[in-house]
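[1] 3D model of this:
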Amino acid sequence: MRIDLHTHSNVSDGTEDPDVLIASAAAAGLDAVALTDHDSTAGWDRAAAAAATLGITFVPGMEVSCRTDTGISVHVL
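    Okay, the predicted model is just below:
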């Protein structure tokens with residue numbers, strides 16, 4: 001099984017629309033893909049619909065921007 005659990009669409013800092021990103025993942029032979037845009041769930045519906053049409057598993061995710069108590073920037077998936 002081929003899986004990518006860390007992708008970004010143009011909802012955050014990626015280059016493709018969520019549905020196009022899923023189509024690209026399917027064309028690359030992936031079986032499952034997570035959309036983990038920065039601090040947003042706005043692409044989930046389009047990505048999920050594309051995944052259902054293309055027959056691959058969609059995993060909704062998010063990369064949350066945080067700061068430690070000392071001010072260090074951290075991204076958490």
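
[2] can you give me the helices in the chain?
    For the chain, the helices defined by DSSP state H occupy 18-27, 44-54.

[3] okay, now the unreliable bits of this structure?
    By pLDDT under 70, the chain contains no weakly predicted segment.

[4] not counting sequence-adjacent ones, nearest residue to residue 39?
    Nearest residue to residue 39 in three dimensions, chain neighbours excluded: residue 65, at 5.6 Å (C-beta to C-beta, 6 or more residues apart in numbering). Every residue, glycine included, has its C-beta placed from N, CA and C.

[5] for that neighbour, what are its contacts?
    If you count contacts by C-beta atoms under 8 Å, 6 or more residues apart in numbering, residue 65 has them with 38-39, 73-75.

[6] cutoff 10 Å now
    Applying C-beta atoms under 10 Å, 6 or more residues apart in numbering to residue 65 gives the contacts 38-39, 73-76.

[7] reformat those residues as TSV; add distance to residue 7 and neighbour count.
    Listed next are the contacts of residue 65 as TSV, based on distance: C-beta to C-beta, whole Å; neighbours: other C-beta atoms under 10 Å:
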residue	distance to residue 7	neighbour count
38	12	14
39	15	13
73	21	8
74	19	9
75	14	12
76	16	8
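
[8] now, the residues you listed that are in strands?
    Residues of those located in strands (DSSP state E): 73-76.

[9] can you list those in JSON lines and add distance to residue 60?
    JSON lines is the format used below for the ones in strands among the contacts of residue 65 (distance: C-beta to C-beta, whole Å):
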{"residue": "73", "distance to residue 60": "24"}
{"residue": "74", "distance to residue 60": "21"}
{"residue": "75", "distance to residue 60": "17"}
{"residue": "76", "distance to residue 60": "15"}
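
[10] please identify the most buried of the helices of the chain.
    Compared across those, helix 18-27 shows the largest average neighbour count, a mean of 20 (mean count of other C-beta atoms under 10 Å).

[11] packing partners for it?
    Contacts defined by 3 or more C-beta pairs under 10 Å, 6 or more residues apart in numbering; DSSP states H and E place helix 18-27 against strand 3-7, strand 32-35, helix 44-54, strand 57-60.

[12] how near is the residue sitting nearest the centre point of the chain to residue 71?
    The residue lying closest to the centre of the chain (C-alpha atoms, centre = their mean) is residue 35, at 1.3 Å. Distance of residue 35 to residue 71, given as C-beta to C-beta, to the nearest Å: 29 Å.
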